[in-house]
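Colleague: How does the following fold in three dimensions:
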Amino acid sequence: MRASRRRPGNRIVRGRAWLLTLMTAFLALAGCTSGDDGADSGQSAEEELQGVPDLTDCPDPTGQPATGEQTLPELSLPCLDAGGGDLTLGEAPGVPLVLNLWATWCRPCIEELPLFEDLHLAADPMQLRVIGVNSRDSASFAADLIEELDLTFPNGFDDNGDVMVAALVRNLPGTVFVDADGAVAFVKRDKVIATYAELVALVQEHLGVTV
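Modeller: Numbers count the residues shown, from 1 in each chain. Sure thing, here's the model as predicted:
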């Protein structure tokens, strides 16, 4: 597991030309679908996952069933980390959870991801957890982007987009706010979260957590 703690808003993004182009060429407030750009490395998902570098471990499952009118599906997703393991969803996380759905082919997602890193670094892990789910993408491309942006929150790999379907997220990015008991409190589907202040306000409004 990587250990990297930084002050929110003080990241240096190391660059490949393609990443800088994506980040600067398109600042959008509308989502995108997998048909927009598509990511295909030419390898199977299993092959790609075997080559993922040492990133951040996914949290251990709590083993506690989720309760609430709406919950995440009971899924076990491969963790985007060389240590393997899984990201377990559909259970009570024990602390409020912010779950960001993203993909490398989604330009607005790339704009959003640093905001979730800031939230991850600023939040007390005993009060709030931040997790990403890479959706309908290439695991190797996703791992490359995680390293380029120096993201330290854990990420699962959802090859089929099952979480998107369950959360009724047609266009990425999407963000699911889950309470400590596993109930889905809110799903941000319509527009990109444009600022850190907006993200913090959503956490306060829907999870009751002040960051």
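
Colleague: So which residues of this structure form strands?
Modeller: Under the criterion DSSP state E, strands of the chain are mapped to 75-78, 86-89, 97-102, 129-135, 155-158, 174-178, 184-188.

Colleague: Taking the centroid of this protein, which residue is nearest it?
Modeller: Centroid-nearest residue in the chain, with C-alpha atoms, centre = their mean: Gly132, separated by 1.7 Å.

Colleague: residues touching the closest residue in space to it that isn't next to it in sequence, list them.
Modeller: Of all residues beyond its chain neighbours, the one nearest Gly132 is Asn155 (4.0 Å), with distances taken as C-beta to C-beta, 6 or more residues apart in numbering. To be clear about C-beta, it is placed using only N, CA and C from the backbone, and glycine gets the same treatment. By C-beta atoms under 8 Å, 6 or more residues apart in numbering, the contact list for Asn155 reads 55-56, 58, 79-80, 87, 131-134, 142, 146.

Colleague: Which one of these is nearest to Glu111?
Modeller: Nearest to Glu111 among those is Gly132, at 14.2 Å by C-beta to C-beta.

Colleague: how much space between the closest one and Leu77?
Modeller: Distance of Gly132 to Leu77, given as C-beta to C-beta, to the nearest Å: 11 Å.

Colleague: Near the residue lying closest to Val203 once chain neighbours are set aside, how many other residues are there?
Modeller: Nearest residue to Val203 in three dimensions, chain neighbours excluded: Val209, at 5.3 Å (C-beta to C-beta, 6+ apart). Using other C-beta atoms under 10 Å, the number of residues around Val209 comes to 19.
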